[in-house]
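> How does the following fold in three dimensions:
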Amino acid sequence: DILFFWVARMIMMGLKFTGQAPFHTVYLHGLVRDEKGRKMSKSLGNVVDPLEVVAEYGTDALRFTMATGTGAGQDLNLSLDRVTANRNFTNKLWNAAKYVMLLLGKADEAEWQAAAGADFSSPAALQALPLAERWIVSLLHKVVDDVTERHDKYDFNAAGITTYNYFWDEFADWYIEASKSRAYGGDPAAAATSRAVAVYVMDRVLRLLHPFMPFVTEELWQALPHKGDALIVAPWPATGGAVDSAALSHFDSLKGVVRSVRNARAEYGVEAGRKVAACLVCSEAGLREALSAELPSICLLAKLEPSQVSVVEAVPAGTSGGAGAISLVVQEGLQVVLPMAGLFDVDKELARLAKQRVKVEKEAAKLSGQLANPKFVEKASQEYLAEVRAQAAEAAEKLAMVDAKIAQVSALKAQ
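You can find the predicted model right below:
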């Protein structure tokens, strides 16, 4: 609480005796409170010992939590759940680096050295990459620009969270999985490109995270191909890298296709190991070409049978919806048609839907019975009545959906 007054005194004394301010920038952070927002004190017994936290969760996890736990100028309510989540983030970072190292096990010394100096920041170098690589590198360049600007404005919270989201949500969850079709494919050149991009992205991510998590990032950077003696003295990633807007848009569409298929698989209870057929219908020529080039990745991510997947301009005759197929609208001009015959065992699905119908019908009957009881309606509050009516309407809607599915699957069986 007295930090401001201490700094103000130093500035006034500097101006008084030297004619110069002793600091050109002063960054004051808020108080660190307990998870309930109370000041830490021995009398309350809510003091969090940082040494104990470091011993259990690691220094990097605590540092990242402290730096990103709240906005500039606001107090931080320190929760060990957040520290635990950031320890998991540290583990995710470590595992991603291990995966990249596993890929590099196939690289010779010349490729290792080339990966250390790989640079995809120019438009020409970016355009030479496949779609997934163009997407992740373009997104990286945008993140570098954003994070650099955040640091310049002392917005450390946003800088850390932006890097976190990029690494976890895009690189780890999407790019690593999408790149496996090339990394483990039969094309050595494509595999080498995938490895080089993975190293390029990991190197920049480690540099962006180093101010927050110096220990794990230094350890991983030293293990990966790099130039220089230490990450702590390595240059900050250059801003202004090339960005392919079309690649960003096309890969987002690819993600939409994968999500739609995954949701349909979950909805219809498709067995986890079963690969299904699909027809991707895309009216835009550029996107259609991009999706066709990435079919191996789409099949890998959505668990589709490569020999039974096609990308076409218009819906094939006789497959637009109806009892024999499911049409999944991804976005305007893009949909996925899944033949129902390959999705599930019809008899098993009918049995599952019958059980579900009994359960939903019982729930709907119970709610309807309550609303039909005059004594219940008379005694219950208006708020509770409104809640029961909403539940009854929802149950009726669920029942109608189950009936529609039963009719759809029954029609498939009759074919």
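
> Only C-alpha atoms from now on, for both contacts and neighbour counts.
OK.

> what packs against the strand or helix carrying Leu126?
Using DSSP states H and E, Leu126 maps to helix 123-127. Other elements packing on helix 123-127 under the criterion 3 or more C-alpha pairs under 8 Å, 6 or more residues apart in numbering; DSSP states H and E are helix 131-152.

> Could you give the separation of the helix it packs on from the chain centroid?
Relative to the chain's own centre, helix 131-152 is displaced by 15 Å; criterion: C-alpha atoms, centre = their mean, to the nearest Å.

> swap in stretch 226-237?
Put simply, stretch 226-237 sits 27 Å off its chain's centre (C-alpha atoms, centre = their mean).

> Likewise for stretch 229-248?
Computed by C-alpha atoms, centre = their mean, the chain-centroid distance of stretch 229-248 equals 20 Å.

> List the buried residues for that stretch?
Residues of stretch 229-248 classed as buried by neighbour count (16 or more other C-alpha atoms under 10 Å): Leu231, Pro237, Thr239, Gly241, Ala242, Val243, Asp244, Ala246, Ala247, Leu248.

> Which residues does it contact?
Here stretch 229-248 makes contact (C-alpha atoms under 8 Å, 6 or more residues apart in numbering) with 121-123, 126-127, 131-132, 134-135, 137-139, 141-142, 144-145, 148, 204, 207-208, 210, 214, 217-218, 221-222, 228.

> list the helices and strands the longest strand belonging to the chain packs on?
Looking across the chain with DSSP state E, the single longest strand is strand 304-312. Packing contacts for strand 304-312, counted by 3+ C-alpha pairs under 8 Å, 6+ apart, involve strand 276-282, helix 285-293, helix 295-302.

> picking up where we left off before, who's in contact with the helix holding Leu126?
With C-alpha under 8 Å, 6+ apart, helix 123-127 has contacts from Asp119, Phe120, Arg134, Val137, Ser138, Ala242, Val243, Asp244.

> what do you get if the cut-off is 6 Å, keeping everything else the same?
Residues from elsewhere that reach helix 123-127, judged by C-alpha atoms under 6 Å, 6 or more residues apart in numbering: Phe120, Arg134, Ala242.

> Tell me how many other residues surround Leu271.
One thing to correct before we go on: residue 271 is Glu, not Leu. Using other C-alpha atoms under 10 Å, Glu271 is surrounded by 12 other residues.

> Do you know the pLDDT at it?
Per-residue pLDDT puts Glu271 at 81.

> From Gln356, how far off is it?
As defined by C-alpha to C-alpha, to the nearest Å, Glu271 lies at a distance of 18 Å from Gln356.

> PyMOL command to pick out the buried ones of the contacts of stretch 229-248?
In PyMOL, a selection of the buried entries from these looks like this (16+ other C-alpha under 10 Å):
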select buried, resi 121+126+127+131+132+134+135+137+138+139+141+142+144+148+204+207+208+210+214+217+218+221
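
> ok, the residue lying closest to Gln74 once chain neighbours are set aside - contacts?
Spatial nearest neighbour of Gln74, excluding adjacent residues (C-alpha to C-alpha, 6 or more residues apart in numbering): Gly30 at 5.0 Å. The neighbourhood of Gly30, defined by C-alpha under 6 Å, 6+ apart, consists of Gly73, Gln74, Asp75.

> again, only this time at 10 Å
By C-alpha atoms under 10 Å, 6 or more residues apart in numbering, the contact list for Gly30 reads Asp1, Thr70, Gly71, Ala72, Gly73, Gln74, Asp75, Leu76, Asn77.

> follow-up on the earlier one: quick check, nearest of the contacts of helix 123-127 to Gln408?
Taking C-alpha to C-alpha as the measure, Gln408 lies nearest Arg134 of the contacts of helix 123-127, at 41.2 Å.

> The contacts of Gly30 in strands, which ones?
Among those, the members found in strands (DSSP E) are Leu76, Asn77.

> out of the contacts of Gly30, who has the most neighbours?
Taking other C-alpha under 10 Å as the neighbour criterion, Leu76 ranks highest of these with 22 neighbours.

> Bridge partners for it, pull those for me.
Val32 (DSSP bridges).

> so it makes contact with Arg82?
No: using C-alpha atoms under 10 Å, Leu76 is not in contact with Arg82; the gap is 11.4 Å.

> Find the residues that touch each one of the two.
Residues within reach of Leu76 and of Arg82 at once, by C-alpha under 10 Å, 6+ apart, are Glu35, Thr65, Met66, Gly69.

> Pick the one among those residues closest to Leu102.
Looking across the shared contacts of Leu76 and Arg82 and measuring by C-alpha to C-alpha, the closest to Leu102 is Thr65, at 29.5 Å.

> Between the buried residues of stretch 229-248, which sits nearest Ser297?
Distance to Ser297, by C-alpha to C-alpha, is smallest for Ala247 among the buried residues of stretch 229-248, at 14.9 Å.

> Helices along the stretch 1-150 of the chain, start to end?
3-18, 50-57, 59-68, 80-104, 109-116, 123-127, 131-152 (DSSP state H, counting those that start in this stretch).

> Tabulate the ones you listed (a markdown table), appending distance to Lys42.
Formatted as a markdown table, these follow (distance: least, C-alpha to C-alpha, whole Å):
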| stretch | distance to Lys42 |
| --- | --- |
| helix 3-18 | 21 |
| helix 50-57 | 15 |
| helix 59-68 | 21 |
| helix 80-104 | 18 |
| helix 109-116 | 51 |
| helix 123-127 | 57 |
| helix 131-152 | 35 |
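
> Reformat the ones you listed as TSV; add mean pLDDT.
Formatted as TSV, these follow (pLDDT from 0 to 100):
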stretch	mean pLDDT
helix 3-18	92
helix 50-57	93
helix 59-68	94
helix 80-104	95
helix 109-116	90
helix 123-127	96
helix 131-152	96
